[in-house]
Structure formats: C-alpha cells, structure tokens
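In: what follows is a protein structure lacking sequence information:
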C-alpha cells in the first residue's frame, strides 16, 4: 500500500501553483495565507480610517454623507478587529506553535485549511454590506461596530450581510481555536511539559479558550437580531416586550473578552522577543502564565463596565467597577515581568525590540486611562466621548498591531530565509510611533472637553485637536507603505539570514533559538526521542 502511495506522490509530486495554496494542509503555508489576508485587509481598514480623519480635518461636512460616515466607522472597526488582528494572530499561531512545541503540523490540517478559506468569503460579504445600499438596499449600516438595536433592527439589507459576515468569521475563529488547543494539548514533543512551553504558546492557549467561549454568544446575539429584523420576534424591541439593553449585555459579554483575544497573542510575542534581545531568561515565567489565566477568568466577568450609563443597580455597578479595577493587577504584573526581564540585561535595540519597548510604554498608558474609565462617576462623564476612542486605540494599536509588527520583524528571517533591512525597519518604527501618538494623544483632550465619538461634524472649539489628529493619522497611514515595501523586499531576497539571525541573542539556551522558552527545555526538539 505504502509503495503505491509513494509511487503516486513521486509521479504527481506535491501540488504546485494555485493548488498548493487552495488545498494546503501545511501549517506554514496556511499561516502565510492568514498573514497575507490580514495585510490586505489592513490597507482596506486603514483606507477607511483615512477617509474618517479627512472628514474630521475641519468642522462642517467635507467629503461624505453623515450616514456613510457612520458606515465607515462601523466597518473600519469590524475590519480591523475581525479581518486584520485576529487573522494575523492566527497566522502567527499556525506558523510558530508547531515549531515551538516540536509538533509536525497542526492537529487537524484540513480543518485548518477550511478555517482560512472561510475568511475571503466573509471579507466579500463585509464589503457587500457597504455596497448594497447604493443599489436600493435600504439604509447603510450606521450602528458603529456595537450594532446596537433599535438602529440595527431598522438598517437596510447591508445589516443582513453584516450578520452573515459575523457568522462566517465566528465559525472560522472557533475552528482555528479548536485546532490550536488540540495541537497544544496533544502534540507536544516528549519532554515538552506544560511549564516548559514557550510563553507565546501559552498566550494562544488562553486566546483560543476565550474565543470558544465568546464567539457562540455573539453569534446567538446577532441571530436574535436577524429574527427581530425578519421573523417578527421582539427580543430587543421594547414595544413587543423585548429589551434593547439585553443586546448590549450579549454584545459586551463577547466584546470585552475580545479585547484580550486581540491582546494576549502580543503578550506572547513580547515574552519571546524581550528575553532574546535582553539576553536573559524571561523573569517570572510561571507568574506570567498564571497572570494570563487570571486575565482569562476576570475578562469574562466584567463586561458591563461598557454600560454604566444604562441604569443598572448600585450593587451591580459596584461589582463591575471593582472587577474591572482588579483586571489591572494581572496586566500590571505582566508589564513588571517584562521590565524585570530587561533589568541588567545586555540589551540591543533591533526593530522587534523597539516595538516591544514601545508596547510596554504606550500600553501602560492605556492601562491608566482604563482605570479612569472603570471608575463609575468618572466614566459617566467620559462615556461616548473621544476620550474612550483615545483609550481603546492606545490599548489596541500598541497592544495588538505593534505586537504583530514586532512578531513580523522578529520572525521574517525565519519565514523567508532573508534578513530585512534593519535601517528601514527602524525608520518604520519611528514613523509609525510618532504618527500614532500624534493621532490619538490629542483625542484624550477633545474627549475630556466633551467631543462625542462617532460624530461627523463638531463644534469649532475642537478644531486644533482634530487637525493634529488628522495630520497624525495621515502620517501613521503612509508609514505602512514602507512596511509593505520592507516585507516584499525581504520575501524577494536580500541578505541571507544566519541559522541564528539574532546573533548571540540566545546565549545560554540549548533549544531552538526561535522559541527562547524559559525555563529552557532539557533537549532540542530535533533530537526528541521517538515515541514507540
């Protein structure tokens, strides 16, 4: 039998061209496709942000109708969360987890292929939700990414496309997560015990667990919305005995842990990069793992801090406030772990390290504004202002996007066999970091001064802050053309990467340099004993 298979394989060879990618069951190819998809969608979501900032350049209406402006705000968020950060994170997981735990591939390679190929149709559905209104499909989806009723019940056909988009993306996420958890639980190399797993693997273990818990809840919520829209139910319609606030609870039960879904993989990436360039083992490996576990548990039970203004009882509000403030403990612990890893290390500042240090600094700032927003009386003032916009962009751009950039620069030599241009990498780092801070720092002040979010026109007293924001946004947006150039240039060729590209960065480790686990495993995985 095996001879026949060998002959068959020899005769036809592995699939090439388009077939190689369409039918791929290879974790590296699928990881690559996820990353490319995320990069394409980054430019689409980013273009929407550019239009939003161009409109807000000056008071008054410039470029787009208010309805379409709100649609851009809605889709910008949905694309960035579901089509950029999550697929890119799953791409990293696909590429690196099998290598880090000594597995030959993911546990379910064909399901892996399917979970990727659900993404392009979902992206098409999302774009259709924007286009349909122009062809008589009723009102645009102008609800913001939170999709609150009654607006979402009254929107036109675009909303239905959006609901199906969320279903397809949810199925993809759940399949990817099941695959990741199964791989981690069942396919570790001999000797790779739980407490020897690289921190990146741990971060994805908790991320995948979170996704499996929250995605079905969100799917249920949008299905109820679909029934309210077309089948005469009134889950969220007060006139029929329903409750629009119920949808808010369902949405935020998904939406708040989703923030940690976007964040945890970056923490895993930092846990790989910082020890490498500090040339020291990770400080407090176990505490970092337990911190992630606490973050996973607490993250699921603090959702209603997004809804202080809905009129909950004092007791309920107090519970959510205290729970939210408690979350700053594991997050603070992780930041201290990274700072103590740096302490007295022999540090060099390559591009991945620069991004990692920027994450620690700017994410700490997001943590501070997060505690401000957690406190109920203060939040009643900040709620639905640009202060919240500034806060979550400080959480998500350094916390997710910069983590992805750091990972790309760290692992590009591994993926392509070529070194990227370090000088261009550093230029990209400074360009994005300055652009990002110029965009979002002023928004704290316009928010504190009372500028509402998701607004197409504003009072002229906010003009200066908005001009600064828009200049920053165009600066930040343009830097990504350099990012694209660096990636294409590295993929096409360039200086050959050494076996250990971060020269000397793995001093004292016996394992694969890519994993830099702490504590280090007692053997390298190439020599792992075969299981009989």
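Out: Great, that's in hand. Note that this is a predicted model, so its numbers are computed, not measured.

In: any weak-confidence spans in the protein?
Out: Low-confidence segments of the chain, defined by pLDDT under 70: 1-13, 503-532.

In: go again with 50.
Out: Scanning the chain for pLDDT under 50 picks out the ranges 1-9, 504-532.

In: so where do the strands sit in it?
Out: Counting by DSSP state E, one finds no strands in the chain.

In: pull the longest helix from it.
Out: Longest helix in the chain by number of residues (criterion: DSSP state H): helix 244-278.

In: I'd like to know which elements it is packed against.
Out: In terms of contacts (3 or more Cβ pairs under 8 Å, 6 or more residues apart in numbering; DSSP states H and E), helix 244-278 is packed against helix 86-101, helix 199-230, helix 285-299, helix 314-342, helix 351-374, helix 386-396, helix 403-416. No exception for glycine: its C-beta is placed from N, CA and C like everyone else's.

In: tell me how far the fourth one is from the chain's mean position?
Out: What it means is helix 314-342. With Cα atoms, centre = their mean, to the nearest Å as the basis, helix 314-342 stands 20 Å off its chain's centre.

In: how about the contacts made by residue 454?
Out: Contacts for residue 454 (Cβ atoms under 8 Å, 6 or more residues apart in numbering) come out as 70, 73, 144.

In: and the helices in the stretch 101-250 of the chain?
Out: Applying DSSP state H, counting those that start in this stretch to the stretch 101-250 of the chain gives helices spanning 109-117, 119-131, 151-154, 158-186, 199-230, 244-278.

In: save those as CSV, and put in mean neighbour count too.
Out: Formatted as CSV, the helices of the stretch 101-250 of the chain follow (neighbours: other Cβ atoms under 10 Å):
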stretch, mean neighbour count
helix 109-117, 19
helix 119-131, 18
helix 151-154, 20
helix 158-186, 21
helix 199-230, 21
helix 244-278, 24
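
In: could you dump these to a markdown table with distance to residue 284?
Out: Putting those into a markdown table (distance: least, Cβ to Cβ, whole Å) gives the following:
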| stretch | distance to residue 284 |
| --- | --- |
| helix 109-117 | 33 |
| helix 119-131 | 36 |
| helix 151-154 | 44 |
| helix 158-186 | 21 |
| helix 199-230 | 10 |
| helix 244-278 | 10 |
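
In: tell me which of those helices sits nearest to residue 45.
Out: Nearest to residue 45, of all the helices of the stretch 101-250 of the chain, is helix 119-131, at 10.0 Å by Cβ to Cβ.

In: same for that closest one, what does it pack against?
Out: helix 27-55, helix 66-78, helix 158-186.

In: mind listing what's buried along the shortest one?
Out: In terms of neighbour count (16 or more other Cβ atoms under 10 Å), helix 66-78 has its buried residues at 68, 69, 70, 71, 72, 73, 74, 75, 76, 77, 78.

In: do the same with stretch 417-437
Out: 418-421, 424-425, 428-429, 431-433, 435-437.

In: between the residues you listed, which is closest to residue 61?
Out: Among the buried residues of stretch 417-437, residue 435 lies closest to residue 61 (Cβ to Cβ), at 25.7 Å.

In: and residue 57, how many neighbours?
Out: By the criterion of other Cβ atoms under 10 Å, residue 57 has 17 neighbours.

In: verify the contact between it and residue 466 for me.
Out: Yes - taking contacts as Cβ atoms under 8 Å, residue 57 lies within contact range of residue 466: 6.9 Å.

In: ok, the nearest residue to residue 404 once chain neighbours are set aside - contacts?
Out: Counting by Cβ to Cβ, 6 or more residues apart in numbering, the nearest residue to residue 404 once its immediate chain neighbours are dropped is residue 88, at 4.9 Å. Residues in contact with residue 88 (Cβ under 8 Å, 6+ apart) are 34, 35, 38, 39, 404.

In: if you set the cut-off to 6 Å instead, what comes out?
Out: Contacts here follow Cβ atoms under 6 Å, 6 or more residues apart in numbering; on that basis residue 88 touches 35, 38, 404.

In: kindly reformat these as TSV containing neighbour count and distance to residue 230.
Out: TSV is the format used below for these (neighbours: other Cβ atoms under 10 Å; distance: Cβ to Cβ, whole Å):
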residue	neighbour count	distance to residue 230
35	24	37
38	22	33
404	24	38
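
In: and which of those residues is nearest to residue 499?
Out: residue 35 (22.9 Å).

In: any idea how many residues pack against the residue nearest to that closest one when sequence neighbours are not counted?
Out: Distances taken as Cβ to Cβ, 6+ apart place residue 91 nearest to residue 35, at 4.0 Å, with adjacent residues excluded. Counted by other Cβ under 10 Å, the residues lying close to residue 91 total 25.

In: and residue 91, how far from residue 180?
Out: Counting by Cβ to Cβ, to the nearest Å, the separation of residue 91 from residue 180 is 12 Å.

In: overlap of the contact sets of residue 57 and residue 466?
Out: Contacts common to residue 57 and residue 466, judged by Cβ under 6 Å, 6+ apart, are absent.

In: what about residue 322, how many residues nearby?
Out: Neighbour tally, residue 322, other Cβ under 10 Å: 11.
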